[in-house]
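S.K.: coordinates for the following, if possible.
(chains A, B, C and D)
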Number of protein chains: 2
Amino acid sequence: MKRPTIADIAREAGVSKGAVSYALNGRPGVSPATRERILEVAGRLNFHADSNARALAGAKARVVGLTLQRPPSTLGVEPFFMELISGLELELSRRSYALLLQMAAGRDEELAFYRRWHSEGRVDGVLVCDVRTGDPRVPALEELGLPAIVIGPPDASGSLPSVWSDDAQSMVEAVEYLAALGHRRVARVGGIAEFAHTAIRTDAFTAVCARLGLPDAVTVAADYTGESGARATRRLLSAQDRPTAIIYDNDIMAVAGLTVAHEMGVAVPSQLSIIAWDDSPVCRLLHPPLTALTRDIGAYGVRAAHLLLAAIDGDPVTSTHGAPAHLSPRGSTARLTHPA
Amino acid sequence: MKRPTIADIAREAGVSKGAVSYALNGRPGVSPATRERILEVAGRLNFHADSNARALAGAKARVVGLTLQRPPSTLGVEPFFMELISGLELELSRRSYALLLQMAAGRDEELAFYRRWHSEGRVDGVLVCDVRTGDPRVPALEELGLPAIVIGPPDASGSLPSVWSDDAQSMVEAVEYLAALGHRRVARVGGIAEFAHTAIRTDAFTAVCARLGLPDAVTVAADYTGESGARATRRLLSAQDRPTAIIYDNDIMAVAGLTVAHEMGVAVPSQLSIIAWDDSPVCRLLHPPLTALTRDIGAYGVRAAHLLLAAIDGDPVTSTHGAPAHLSPRGSTARLTHPA
DNA sequence: ACCTGGTTCTGAACCGAGTAAGCGCGCTCA
DNA sequence: TGAGCGCGCTTACTCGGTTCAGAACCAGGT
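M.R.: Here you go, the predicted model:
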């Protein structure tokens, strides 16, 4: 027997299609005895309801969509998205939801995918990453009425619920730590400036540096790639009063920065301290191992999936903050011993 | 107007639902004039056919599935899968197919997903990674009749078409290069031994070492994680006659190996040469930059997607070989200058 | 005996597409 | 003139579920 349908089960169990549907979905309308008989038959025939038919008849498609718009070269290296996806799937699998993954060239294409998915009835909801301030996707999704969760700071997510941590707090922790080690000239290699979380980090960075009286709290913009991180680092280390500590907005740029320091004869950590935001296994493998702002990215995924499923079920959902990234001090940060 | 259906278009264009279906699918049965009118209306209403209804009515679901069974910690770091997915999507998007991504805990769970997807009518075909010799998924998929493409060597893919490159050839290139640099004691840190491509590389490694008269061509098994690579490297470098060159089965283990060499005071490349299989941006950022076996992983994805879509269309499909990985010599390999 | 209320189940409509069968029309050709 | 044919389009049914209206039945109360 191939691909049994509820009609097959109904015949086998001696009931109508309707009864089978009620029984399988755990809704009232069938007696416990009949329900059990139906479930037994379904199990015996290894029945799985056709998801297309179910979705067509008004039930959920049991699929959520995720689009990523970064270039593959960046994506492949950053563990962020894979860890995020792992977390998402943990929760989605638990509820028998599937994940539709789509790479997009830009926001417009990404938005076009949301629109198409919605009108094709492919997904019950979507997850939104890398939001910018004033991101057109937010109002568009609000208008579509497609359940959506933003993985990013709530500032830019409009009425869409979001999942993120308090980046400002983590930034304060990092800068205060560097200041406590005696650093005065602290710089930062930031991520893509248009992303909302980048702006938050930049503001927090300048604010805390001002509060601590650190001069020249400069942020150089980069784009998460190793090359851009290396370029930014060269620029910073070539300056008159070069910084004695640099905070990078992701780990791959920090790795690049470490190499540039080597290349320019700047000793890490004796002459330069380095902190990476996000902590991939690579950070621990380098020499010296990188001090990093560690956070449980998988937990974001779990939480985001949880919220999205709740939103799909029509439950009221509000933005939540996960635990902020905390500092994992390793060999790349130290008190200055060989001032330049 | 929300979510227009073909009935809406039919009314608007003054024809029947059937005519609309024919027109939209580019099949005969409507005159050019009518077709154009229908397409104009569809475009104006921004119509997209409900994929559930379409799939239910016997057409394709336009979805392919991919399951990954490696632990997220490994997945996140290795750029392989992200690059593969990017390549897949390039081709899938071109044909308006979507990608269903699923993490699985093991082969059995992975197989269960294939089964469920098939019986739920969710996917038109699947992609299979990390095949082992005698992998149960191969006969299971053959029996299911679900179109499938193996991303791996054809040896273990049974009657399923596969996409891979000639790893043996690349291994020969790497070992001959090391031999030409004067290395005699060459070792290897291999990937998971059960994977079919690992076996191929191991066989090729021992064969070429034997042919070149290199003694002790030992392969230490590891599991692609940095920790396992570091452990394996420590073991190798602690041996009586330690190797003067090590080939790693992925880049992350090579990074770990480089750090262990540092840690043990073994200079790279003067005392130890290192080659990584697969070339992530990180390889170029290290000091010294890692010599790597480079291959176009995205191209695998494009090719695999292409074959899968052909198989779904019912076209005859045969396994293909992509270009083999080729050596990108960098600073981590050199002629021995400080023999131990 | 009759009404009420509740549970259990059936039957049929419906979701939105695809598609086989059929029908009218105009054209060609015997 | 009428048979035959092909084009263009409509009609009606199908896919496999969900869901709603109502039938059948049973029990209890009056």
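
S.K.: got the phi and psi for A:Leu327?
M.R.: Main-chain dihedrals, A:Leu327, degrees, to the nearest 10: phi -80, psi 130.

S.K.: chain neighbours aside, what residue packs nearest to it?
M.R.: Excluding the flanking residues, the one nearest A:Leu327 by Cβ to Cβ, 6 or more residues apart in numbering or on different chains is A:Glu173, at 5.4 Å. In short, each C-beta sits where N, CA and C put it, glycine included.

S.K.: could you do A:Ala334 as well?
M.R.: What sits nearest to A:Ala334 in space, not counting adjacent residues and going by Cβ to Cβ, 6+ apart, is A:Pro269, at 3.7 Å.

S.K.: check contacts around the one you found.
M.R.: Contact analysis of A:Pro269 by Cβ atoms under 8 Å, 6 or more residues apart in numbering or on different chains lists A:288, A:331-334.

S.K.: apply 6 Å and report the result again.
M.R.: A:332-334 (Cβ atoms under 6 Å, 6 or more residues apart in numbering or on different chains).

S.K.: tell me the one of those residues nearest DNA strand C?
M.R.: A:Ser332 (56.2 Å; Cβ to the nearest atom of the strand).

S.K.: rewinding a little: part of a strand, is the residue nearest to A:Leu327?
M.R.: No: A:Glu173: not assigned to a strand; according to DSSP: H, G, I helix; E, B strand; the rest coil it is helix.

S.K.: neighbours of it, just the number please.
M.R.: 16 (other Cβ atoms under 10 Å in any protein chain shown).

S.K.: against DNA strand C, how distant is it?
M.R.: Computed with Cβ to the nearest atom of the strand, to the nearest Å, the distance linking A:Glu173 and DNA strand C is 52 Å.

S.K.: does that residue touch A:Ser328 like I think?
M.R.: No: A:Glu173 lies out of contact with A:Ser328 (Cβ atoms under 6 Å); the separation is 11.0 Å.

S.K.: hmm, stretch A:219-234 touching chain B?
M.R.: Yes: Stretch A:219-234 is in contact with chain B by Cβ under 6 Å from any Cβ of the partner chain, via A:Gly226.

S.K.: just the CA atoms of that stretch, as CSV, please.
M.R.: Provided in CSV are the C-alpha atoms of stretch A:219-234 (Å, rounded to 0.1, in the frame of the first residue of the first chain):
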residue,chain,number,x,y,z
THR,A,219,34.6,53.2,15.3
VAL,A,220,35.7,52.1,11.9
ALA,A,221,33.0,50.6,9.7
ALA,A,222,33.6,47.2,8.1
ASP,A,223,31.4,44.5,6.7
TYR,A,224,32.1,41.3,8.8
THR,A,225,34.5,39.9,6.2
GLY,A,226,38.1,39.1,7.1
GLU,A,227,39.4,41.4,4.4
SER,A,228,37.5,44.4,5.7
GLY,A,229,38.5,43.6,9.2
ALA,A,230,42.2,43.5,8.2
ARG,A,231,41.9,46.8,6.3
ALA,A,232,40.3,48.5,9.2
THR,A,233,42.9,47.1,11.6
ARG,A,234,45.8,48.3,9.4
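
S.K.: show me what contacts the residue in the stretch 151-300 of chain A positioned nearest to DNA strand D?
M.R.: Proximity of the stretch 151-300 of chain A to DNA strand D (Cβ to the nearest atom of the strand) peaks at A:Pro161, 24.6 Å away. A:Pro161 makes contact with A:149, A:307, A:317-319, according to Cβ under 6 Å, 6+ apart.

S.K.: buried set for stretch A:81-99?
M.R.: With burial defined by 16 or more other Cβ atoms under 10 Å in any protein chain shown, the residues of stretch A:81-99 counted as buried are A:81-93, A:97-99.

S.K.: circling back to that earlier point, in TSV: the contacts of A:Pro269, plus pLDDT, neighbour count and distance to DNA strand D.
M.R.: Compiled in TSV, the contacts of A:Pro269 are given as follows (pLDDT from 0 to 100; neighbours: other Cβ atoms under 10 Å in any protein chain shown; distance: Cβ to the nearest atom of the strand, whole Å):
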residue	pLDDT	neighbour count	distance to DNA strand D
A:Ser332	97	26	55
A:Thr333	97	24	56
A:Ala334	96	20	61
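
S.K.: nearest to B:Phe205, of the residues you listed?
M.R.: Taking Cβ to Cβ as the measure, B:Phe205 lies nearest A:Ser332 of the contacts of A:Pro269, at 35.4 Å.

S.K.: so which strand or helix has that closest one?
M.R.: Counting by DSSP states H and E, there is no helix or strand that carries A:Ser332.

S.K.: and if you look at A:Glu109?
M.R.: Element membership for A:Glu109 (DSSP H and E) is helix A:107-120.

S.K.: quickly find the element holding the residue positioned nearest the centre of chain A.
M.R.: Of all residues in chain A, the one closest to the mean position by Cα atoms, centre = their mean is A:Leu84, 5.0 Å from it. For A:Leu84, the element it lies in under DSSP H and E is helix A:79-94.

S.K.: report the distance from that helix to the chain centre.
M.R.: Centroid displacement of helix A:79-94 relative to its chain, using Cα atoms, centre = their mean, to the nearest Å, is 9 Å.

S.K.: run the angle between that helix and helix B:107-120 for me.
M.R.: Counting by axes from the mean of the first three to the mean of the last three Cα atoms, to 10 degrees, helix A:79-94 points 60 degrees away from the direction of helix B:107-120.

S.K.: what secondary structure does the nearest residue to A:Pro243 once chain neighbours are set aside sit in?
M.R.: In space, and not counting its chain neighbours, A:Pro243 is closest to A:Ala187: 3.8 Å by Cβ to Cβ, 6+ apart. Using three-state DSSP, the secondary structure recorded for A:Ala187 is strand.
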